[in-house]
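1. The following comprises the amino acid sequence and a computationally predicted model.
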2 protein chains.
Amino acid sequence: MKIGHLATAVGMDIQTLRYYESQGLLSEPARLQNGYRDYPDEAISRLKFIKKAKLVGFTLKEIKDLLAIQVTKDEHTCQEVKSFTQVKLAEISNKIEELQRIKVALEKIHTSCCGGDETAAHCSILSALEN
Amino acid sequence: MKIGHLATAVGMDIQTLRYYESQGLLSEPARLQNGYRDYPDEAISRLKFIKKAKLVGFTLKEIKDLLAIQVTKDEHTCQEVKSFTQVKLAEISNKIEELQRIKVALEKIHTSCCGGDETAAHCSILSALEN
DNA sequence: TTAAACCCTAAAGCATACTATAGAGTCAAG
DNA sequence: CTTGACTCTATAGTATGCTTTAGGGTTTAA
Ligand SMILES: [Zn+2]
Ligand SMILES: [Zn+2]
Ligand SMILES: [Zn+2]
Ligand SMILES: [Zn+2]
């Protein structure tokens, strides 16, 4: 399978596939005599795995590690795999908390402003940022 | 006031101040005869404004715009200022929603995994990413 | 006088995940 | 035989907010 075909099959674009290869997420495929990449069918499932993992927030580096486990499942444990989701869940929870903190602070100054069309000389948002 | 003093006063470091200057958040200060920057006292409050604005999620570019309004409050309206917090609130809400979507999806696959120390051959996390 | 502490500029590096550009070879159809 | 579609490599650019590096001047206290 040539790269354009693969890209279409998985809904990614060609440069992205070459980029993933450069980052070690996709192993170097065989080459045709003209030098074109020639992917095996498994490349499709590997890329779908990558897509799903991205959807749940994993970085490419993490996905690379997950893929390494996936191809040698027998040599790894559920514990090991679960620690990935554990860590990522903690990260995401922290991000959410941080954003909620920001949101609350922002809402507070937002609601205090009259939003009118008089001059901002008395604006409580600006005052809040000044003090 | 020299840059080191100012940096200490606001708890930022020197390079950051020079960076802010390069980005137009801090106006170019006067120079001493030896070429050293010589900041007026107002630089402190300006930097505190920047810090607070960062804390509620504004980017440097947005802060630059807010500062421009702040120094000419009379020529701007509350409406105008409030639109900044409005937009930012929407952005943050979206980010939170996206993260919560991810979190739910991740929790789902996380809890389905036994987390045991047998081999990952049957791991439901890997299966979830494969299908 | 000399060493530490402070200041200067310009440019590059970092992290992330691509995206774009330049310059060039290959292939199939008309 | 040429045009368009496809592929290749290598390199640089994007966004964000710094941080680091390199290579030098200046000031102050001992
Ligand atoms: Zn008002
Ligand atoms: Zn207002
Ligand atoms: Zn298990
Ligand atoms: Zn498992």
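-> Cool, the structure landed. Ligands and ions are numbered 1, 2, ... in the order given.
2. Just after the longest helix seen in chain A, pick out the following helix or strand.
-> Looking across chain A with DSSP state H, the single longest helix is helix A:78-112. For helix A:78-112, the following helix or strand on the C-terminal side (DSSP states H and E) is helix A:124-130.
3. quick one: that following helix to chain centroid distance?
-> Using C-alpha atoms, centre = their mean, to the nearest Å, the mean C-alpha position of helix A:124-130 is found 35 Å from that of the whole chain.
4. any bit of it sitting next to ligand 1?
-> No. Counting by C-beta under 5 Å from the ion, ligand 1 is not contacted by helix A:124-130; separation bottoms out at 6.9 Å. Bear in mind the C-beta positions are built from the backbone N, C-alpha and C, glycine included.
5. Identify each buried residue in that helix, please.
-> Of all the residues in helix A:124-130, those buried under the rule 16 or more other C-beta atoms under 10 Å in any protein chain shown are A:124, A:125, A:126, A:128, A:129.
6. Quick one: list the elements packing against it.
-> Counting contacts by 3 or more C-beta pairs under 8 Å, 6 or more residues apart in numbering or on different chains; DSSP states H and E, helix A:124-130 packs against helix A:78-112, helix B:42-55, helix B:60-71, helix B:78-112.
7. who wins for proximity to DNA strand C among those?
-> Between DNA strand C and the helices and strands packed on helix A:124-130, the shortest separation by C-beta to the nearest atom of the strand is 11.3 Å, and it involves helix A:78-112.
8. Could you check how far residue A:70 is from residue B:128?
-> 12 Å (C-beta to C-beta, to the nearest Å).
9. pLDDT at the residue in chain A positioned nearest to ligand 3, what is it?
-> Proximity of chain A to ligand 3 (C-beta to the ion) peaks at residue A:78, 3.2 Å away. pLDDT for residue A:78: 97.
10. thinking again about what came up before, output the buried residues of helix A:124-130 as TSV; include the columns distance to residue B:92 and pLDDT.
-> Output for those, formatted as TSV (distance: C-beta to C-beta, whole Å; pLDDT from 0 to 100):
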residue	distance to residue B:92	pLDDT
A:124	19	97
A:125	15	97
A:126	20	97
A:128	17	97
A:129	17	97
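11. and which of these is nearest to DNA strand C?
-> The closest of these to DNA strand C turns out to be residue A:129 (C-beta to the nearest atom of the strand; 26.0 Å).
12. okay but the closest one is in contact with residue B:63, surely?
-> No. At 9.0 Å, residue A:129 does not count as touching residue B:63 under the criterion of C-beta atoms under 8 Å.
13. what sits in contact with each of the two?
-> B:49, B:53 (C-beta atoms under 8 Å, 6 or more residues apart in numbering or on different chains).
14. For chain A, what lies in contact range of ligand 2?
-> A:113, A:123.
15. contacting residues for the residue of chain A found nearest DNA strand D?
-> Residue nearest to DNA strand D within chain A (C-beta to the nearest atom of the strand): residue A:4, separated by 2.5 Å. Residues in contact with residue A:4 (C-beta under 8 Å, 6+ apart) are residue A:14.
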